[in-house]
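> below are the sequence and a predicted model; questions follow.
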There are 4 protein chains.
Amino acid sequence: MVLCEKPLSLDGPQGEEMVKEIEKAGVPNTVWYQLPPRARRDARQADHRLGQARPDLPTTARTFLQDWTISADLPQGGAGLWRLDAKAAGSGVTGDLLAHCIDTALWLNGSITDVSALTETFIKQRTHTLTGKVEEVKIDDACTFHGHFANGSLALFESTRYARGHKALYTFEINGANASIKWDLHDLHRLQFFDYSDEGIVRGWRSVHVTDGDQPYMKNWWVPGLQIGYAESFTHQVADFLTAVGEGKPCPPTFRDALETQYVCDAVLASAREKQWKTVKKVS
Amino acid sequence: MVLCEKPLSLDGPQGEEMVKEIEKAGVPNTVWYQLPPRARRDARQADHRLGQARPDLPTTARTFLQDWTISADLPQGGAGLWRLDAKAAGSGVTGDLLAHCIDTALWLNGSITDVSALTETFIKQRTHTLTGKVEEVKIDDACTFHGHFANGSLALFESTRYARGHKALYTFEINGANASIKWDLHDLHRLQFFDYSDEGIVRGWRSVHVTDGDQPYMKNWWVPGLQIGYAESFTHQVADFLTAVGEGKPCPPTFRDALETQYVCDAVLASAREKQWKTVKKVS
Amino acid sequence: MVLCEKPLSLDGPQGEEMVKEIEKAGVPNTVWYQLPPRARRDARQADHRLGQARPDLPTTARTFLQDWTISADLPQGGAGLWRLDAKAAGSGVTGDLLAHCIDTALWLNGSITDVSALTETFIKQRTHTLTGKVEEVKIDDACTFHGHFANGSLALFESTRYARGHKALYTFEINGANASIKWDLHDLHRLQFFDYSDEGIVRGWRSVHVTDGDQPYMKNWWVPGLQIGYAESFTHQVADFLTAVGEGKPCPPTFRDALETQYVCDAVLASAREKQWKTVKKVS
Amino acid sequence: MVLCEKPLSLDGPQGEEMVKEIEKAGVPNTVWYQLPPRARRDARQADHRLGQARPDLPTTARTFLQDWTISADLPQGGAGLWRLDAKAAGSGVTGDLLAHCIDTALWLNGSITDVSALTETFIKQRTHTLTGKVEEVKIDDACTFHGHFANGSLALFESTRYARGHKALYTFEINGANASIKWDLHDLHRLQFFDYSDEGIVRGWRSVHVTDGDQPYMKNWWVPGLQIGYAESFTHQVADFLTAVGEGKPCPPTFRDALETQYVCDAVLASAREKQWKTVKKVS
């Protein structure tokens, strides 16, 4: 069995090869996006509240903002800083951060069909840790893109490592006709939920402290009010993976699932490079 | 007609005299607690959601914290600082700040029957603005008290002008068997509401932005999302007062209503002075 | 003197004519963007904290999300709903909502040079209030665009009237090398500020309650802790306008200032229509 | 070595015996208040910012509110519900919840000298799980108390299991002359901090996301922005305990440290029972 760190690959073609090989080998596989089968199923159920009858309405926005590469003195490459070296990382924030946001979006709201993107490399040169030489920085420091989901809703994504004050502002928000949901990794144990069907005089965004026993996974942890942390999101994925293996079922996101995220990243980077709208390749 | 700034009087006996005189004169009257008839009626309606069937359960807590008298160099007395001079103000935070909290509590949750209080004067002497002499400070700088409401619920109140960081932390919270509400003057256009009957997976405190047209008073102001400020709370009380006068009805809080707050303040100050529980005098 | 409701005009060419005529007439003029001279000057000062030495770093994001046109039964046109009628409104959210965001951005961060935009009209037909007939909806229901500021920073803007749960989510955020600021119209009396130079162990986003006397305009209102509302933002602009008139100075945003916003809107709508990047026309 | 679950004992006299025995045995010991030596030391350091020059000013408030015993149908006693059985638990919220708050307060602000308390048992009878009979409930369902710290500051504490909407609202707040700090277990990875010495125009409460490597303990966990959960607070205490054992030093809170909390609980319960102020016994 293979549990692969995300993103699946440096780009789509490499990902296709990986999918081909792992499926030929018939090995149980999953990619560490920390949104494993049960979370995905539950997320989809939550999504049903948003207003299925009007699939054209939702607008979704997702961000992943950090601030750790602002200093021009920070080198690139090596064990701690390979994320700044395009040869090792493939891309910058697109593959490292937006891949998370895209994976979440694909599961909650379906396929993305086309995109228009903008990338920027703010610091053009950095000393390379391994060579000691000042080398050109080839990763994208920031990336924004918008586009369409197959269901007709709009997509808006943003990522940067230059947003002073944000350590890991990985958020998502989906607006449906009837309801909306929001989430932020900084407070991963809280979900914001708005239900338009609430009586007007007491209608407002709800801050759901996701620690009651009737919440997904939570009956295995502490009493209500006591939160889990980042580590437990991996525990959940392992649990779901082992359950799936035991049942002889695939454990999403499989390599094949993760390939779709790769295709979106490829279209985003191509769009930014060519300053044109790009269609996203479909997983065959 | 007389619209009297709060609190009604320096103490209960003085308040009794004022009630006697104004009722003899038959003049329409109200006290500027900024929680006029319609707000009071609506607040009571909201209260009904909290669980009428179990009137014994709610615990209520109210605070009014400020931080503007921390400096020992601040003088007392005169036009700007009469609140620090017991001769002019009657008391310190009890009459100035807690009177607001008590007025709100009496309307939302009924009478308070007994109290145990603690007061403190942190800065013992201050220069008096008018005399130029260093004089003893006789007001209470801070006051906390707990006690019982007639309906069996518990009361907890706190006020100080030494709580660094709080400009006007005038809050209330009522916990019922079914629901709870919270409010803070710092964001006067928001009400926090928790409804236990919400489905578990999406249950949480709601932050209600009180600007929709179906909210009390709000159809007379801006479109949803655009808040009113402190000034408009006076406009509301004038509007309700004039409406009441036009209908020949009393406009709560009348002098008589405000006398009950005075009696609670008297009991609080006496309890703190004598370090004993005190029963609150009833308005005859 | 002319105080013109925003946006200045239906499009750039109409705006150019207005600028020409008002300047020929030599009449004092301003446009109601509610961010008058003193606010603009103070905002720029705040901006200086963000890291002037690195003008290339800031990324700015601005949104204006509402949810009042989700229902397909809502008609278009007439006194209450002219904003849905392209003949009366010129455009949809771009001119009505994003114009506010663009005006703020131009003042805080300088000119926008090029944009790539996406617009959508979710509800394609609505009954017209005046004709009673079902007519095509020609406004943009949603608009997102990204692009570049002249100073090298990136721009990201989003607006829709279909974001369930948001009444007037007019926000801005600017990330500098040293600091960041955020704001949301829903709580217009609060500014979020992050200062990287704070000592690490107590560094965090500050929620500034803008009511102390040393805040712009606030010494004319209430004591600290007591907020103003939406109405007072107009009072401020009138005050600044009259002061400017008295001093014989222009009161930004003048018609000429507002024309630049118009040019950005034109480029945004053209980009969305043609699915191409567009350069923003410069105010001569 | 003995790691004892909190509170130390059913009451003070039992605690004295435990201290005597463990000290006679010379066994390393600690009590699971989850605020181990390093956290206590760091908390004290934070406290120094609050204004040492004016030790008389701080007012501290601590709450621990829950809502899980509101239903009158909930039985008492047995493995899951021994907390409602006075024979097993000693007391109700005082020993179970306020003991946490008192332990924190003693470390951050020193000894408590006297208290005035109010307790209530809302549900007078519950079926006992073990006997099957309806029995009198002898625990305190709610408790509020105020009093004095030895340093002259005021104490205010509140706890209940009937506060609808609060799962584990364990908070503390300390107001100093120069600064204030607040914390809430619901978001245990955030600390609220207010520094009066900040420049006025950008002064506000800071929300510190306690995940940077320079925060206590955090360099051993994830990268900035990724929070730990409730479980890790035990890991920290074990780490500190083992370090202390290795160095041959005591690991606060030792049994002796925890005895002081017991004495405060005893005074609180006695004060509530007799409706009088009580002096807290000193640890010899």
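Good, I have the coordinates. Residues are numbered from 1 along each chain as shown, chains lettered A, B, ... in the order given.

> quick one: the helices in chain A?
Shown for chain A, the helices assigned by DSSP state H span residues A:12-25, A:37-48, A:86-89, A:93, A:99-109, A:231-247, A:255-274.

> what's the most buried one of those helices?
When neighbours are counted by mean count of other Cβ atoms under 10 Å in any protein chain shown, the highest per-stretch mean among the helices of chain A falls to helix A:93, a mean of 27. Glycine gets a C-beta too; all of them are placed from N, C-alpha and C.

> residue A:35 versus residue A:240, what's the distance?
Residue A:240 sits at a distance of 10 Å from residue A:35 (criterion: Cβ to Cβ, to the nearest Å).

> okay, the helices of chain A in a markdown table with distance to chain D next?
As requested, the helices of chain A are exported to a markdown table (distance: least, Cβ to the nearest Cβ, whole Å):
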| stretch | distance to chain D |
| --- | --- |
| helix A:12-25 | 26 |
| helix A:37-48 | 16 |
| helix A:86-89 | 16 |
| helix A:93 | 14 |
| helix A:99-109 | 13 |
| helix A:231-247 | 6 |
| helix A:255-274 | 21 |
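
> for those helices, which has the smallest mean pLDDT value?
Set side by side, the helices of chain A differ in mean pLDDT, and helix A:37-48 is lowest with a mean of 64.

> count the neighbours of residue A:131 for me.
The burial count assigned to residue A:131 is 12, neighbours taken as other Cβ atoms under 10 Å in any protein chain shown.

> list the contacts of it.
The neighbourhood of residue A:131, defined by Cβ atoms under 8 Å, 6 or more residues apart in numbering or on different chains, consists of residue A:77.

> mind listing what's buried along stretch A:182-191?
A:182, A:183, A:184, A:185, A:186, A:187, A:188, A:189, A:190, A:191 (16 or more other Cβ atoms under 10 Å in any protein chain shown).

> ok, of those residues, which one's closest to residue B:6?
The closest of these to residue B:6 turns out to be residue A:190 (Cβ to Cβ; 38.4 Å).

> ok, now which ones touch that closest one?
Residues in contact with residue A:190 (Cβ under 8 Å, 6+ apart) are A:183, A:184, A:207, A:208, A:209, A:210, B:204, D:187.

> from residue A:23, how far off is residue A:255?
Here residue A:255 is placed at a distance of 8 Å from residue A:23 (Cβ to Cβ).

> next one: residue A:109
26 Å.

> could you do residue A:275 as well?
Here the distance between residue A:275 and residue A:23 works out to 36 Å (Cβ to Cβ).

> ok, residue A:34 next?
23 Å.

> again with residue A:190
As judged by Cβ to Cβ, residue A:190 and residue A:23 stand 38 Å apart.

> per-residue confidence at residue A:153?
According to the prediction, residue A:153 has pLDDT 85.

> same check, this time on residue A:54
What the model reports as pLDDT for residue A:54 is 38.

> now do the one 3 residues further on
At residue A:57, the model reports a pLDDT of 45.

> repeat that for the one 10 residues further on.
According to the prediction, residue A:67 has pLDDT 79.

> now do residue A:198
For residue A:198, the model assigns a pLDDT of 91.

> tell me who's in contact with it.
The contact partners of residue A:198, by Cβ under 8 Å, 6+ apart, come to A:204, B:206.

> what about it, distance to chain D?
As defined by Cβ to the nearest Cβ, to the nearest Å, residue A:198 lies at a distance of 16 Å from chain D.

> still on that earlier bit, report the two of the buried residues of stretch A:182-191 separated the most.
The distance between the two most remote of the buried residues of stretch A:182-191 (Cβ to Cβ) is 13.9 Å, for A:182 and A:189.

> count of residues packed around the closest residue in space to residue A:236 that isn't next to it in sequence?
Sequence neighbours aside, residue A:217 is the residue nearest to residue A:236 in space, at 5.3 Å (criterion: Cβ to Cβ, 6 or more residues apart in numbering or on different chains). Using other Cβ under 10 Å, residue A:217 has 18 other residues around it.

> model confidence for residue A:217, exactly?
pLDDT for residue A:217: 89.

> so it is in contact with residue A:38, correct?
Yes: in terms of Cβ atoms under 8 Å, residue A:217 counts as a neighbour of residue A:38; the distance is 6.9 Å.

> how about the strands in the stretch 51-200 of chain A?
Defined through DSSP state E, counting those that start in this stretch, the strands belonging to the stretch 51-200 of chain A, from first to last, are A:59-65, A:112-120, A:125-127, A:134-136, A:142-149, A:154-160, A:169-175, A:179-184, A:190-195.

> going by mean pLDDT, which of those comes out lowest?
Averaging pLDDT over each of the strands of the stretch 51-200 of chain A singles out strand A:59-65 as the lowest, with a mean of 71.

> so what's residue A:88 up against?
By Cβ under 8 Å, 6+ apart, the residues touching residue A:88 are A:77, A:82.

> how much space separates it from residue A:12?
Residue A:88 sits 18 Å away from residue A:12, going by Cβ to Cβ.

> again with residue A:5
Between residue A:5 and residue A:12 the distance is 18 Å, computed by Cβ to Cβ.

> repeat that for residue A:30.
Distance from residue A:30 to residue A:12, counting by Cβ to Cβ: 19 Å.

> what sits against residue A:1?
Taking Cβ under 8 Å, 6+ apart as the definition of contact, the neighbours of residue A:1 are A:27, A:28, A:29, A:241, A:245.

> what's the farthest-apart pair in these?
Across these, the two lying at the largest distance from each other (Cβ to Cβ) are A:27 and A:241, at 12.2 Å.

> so who does residue A:37 touch?
Contact partners of residue A:37, counting by Cβ under 8 Å, 6+ apart, are A:240, A:244, A:251, A:252.

> touching, the third one and residue A:30? I think so.
Right, the one you point to is residue A:251. Yes: assessed by Cβ under 8 Å, residue A:251 is found in contact with residue A:30 at 4.4 Å.

> joint contacts of the two?
Shared contacts of residue A:251 and residue A:30, counting by Cβ under 8 Å, 6+ apart, come down to A:36, A:241, A:244.

> tell me the residues of the stretch 101-250 of chain A that contact chain B?
In this structure, the stretch 101-250 of chain A approaches chain B at residues A:190-191, A:193, A:195, A:198, A:200-209, A:212, A:214-215, judged by Cβ under 8 Å from any Cβ of the partner chain.

> need the residue closest to the centroid of chain A.
Closest to where the C-alpha atoms of chain A average out (Cα atoms, centre = their mean) is residue A:100, at 1.7 Å.
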